[in-house]
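Q: quick check, what structure comes out for this input:
(one chain, ligands or ions: 2)
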Amino acid sequence: MGNFTSITAGIFSTQSCTQFIQDVVSHNCVVIFSKTTCPYCKMAKNVFNEIGATYKVIELDEHQNGPQLQDALAQLSGARTVPRVFVNGQCIGGGSDTRQLHEQGKLLPLVQMCTPCCIIPPEDGSGSGQDVS
Ligand SMILES: N[C@@H](CCC(=O)N[C@@H](CS)C(=O)NCC(=O)O)C(=O)O
Ligand code: FES
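A: Ligands and ions are numbered 1, 2, ... in the order given. I've put the predicted structure just below:
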């Protein structure tokens, strides 16, 4: 009788996970593939909080296809560890890589290259943005 392997593979295949990841990272300036309990992941989120960048988080431990997504991330980025951090469609590495780039002053310029810009303007109360000097 029939072989259902190809059907059950469906959405769970590494290939469709790869497509999902490529879709998410091409539509969001900063994407963090994370696990809710992971301190390295918190570190990565904190770095982007510090520079005022908004980011999309995908918590792999809460995701139906978490393990498959990790396999696909390994293929795409060379590591299946969390976090995996993407800026402007490119993987910049994990939590310590993100912090290091920030300490070297290289993270903000990467984020600023995104269109549309994902930096939240600081609320300094200095008026409506109209400069009439
Ligand atoms: N230096 C790396 C360390 C990442 C790491 O070792 N992550 C562990 C969890 S803390 C991991 O992903 N292990 C494999 C797994 O959870 O599937 C980083 O900062 O991202
Ligand atoms: S520190 Fe343990 S899951 Fe990341």
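Q: distance check, whatever residue of the chain ends up closest to ligand 1 against Asp124.
A: Closest approach between the chain and ligand 1, counting by Cβ to the nearest ligand atom: Gly94, at 2.1 Å. Quick note: C-beta positions are derived from backbone N, CA and C, even for glycine. From Gly94 over to Asp124 the distance is 33 Å, taken as Cβ to Cβ, to the nearest Å.
Q: please say which of these two ends up with more neighbours.
A: With neighbours defined as other Cβ atoms under 10 Å, Gly94 and Asp124 compare such that Gly94 has more, 22 against 6.
Q: please verify my assumption that the residue of the chain closest to ligand 1 contacts Pro39.
A: No. In this structure Gly94 lies outside contact range of Pro39 using Cβ atoms under 8 Å: 11.9 Å.
Q: so the residue nearest the centre of the chain, which state does it fall into?
A: Taking Cα atoms, centre = their mean, the centroid of the chain lies closest to Val31, which sits 1.6 Å from it. Secondary structure, DSSP: H, G, I helix; E, B strand; the rest coil: Val31 is strand.
Q: where does it land on pLDDT?
A: Looking at Val31, its pLDDT is 98.
Q: the closest residue to it other than its chain neighbours: neighbour count?
A: Counting by Cβ to Cβ, 6 or more residues apart in numbering, Val31 lies nearest to Phe86, which is 4.4 Å off, once chain neighbours are set aside. Phe86: 26 surrounding residues under other Cβ under 10 Å.
Q: perfect, I'm done here.
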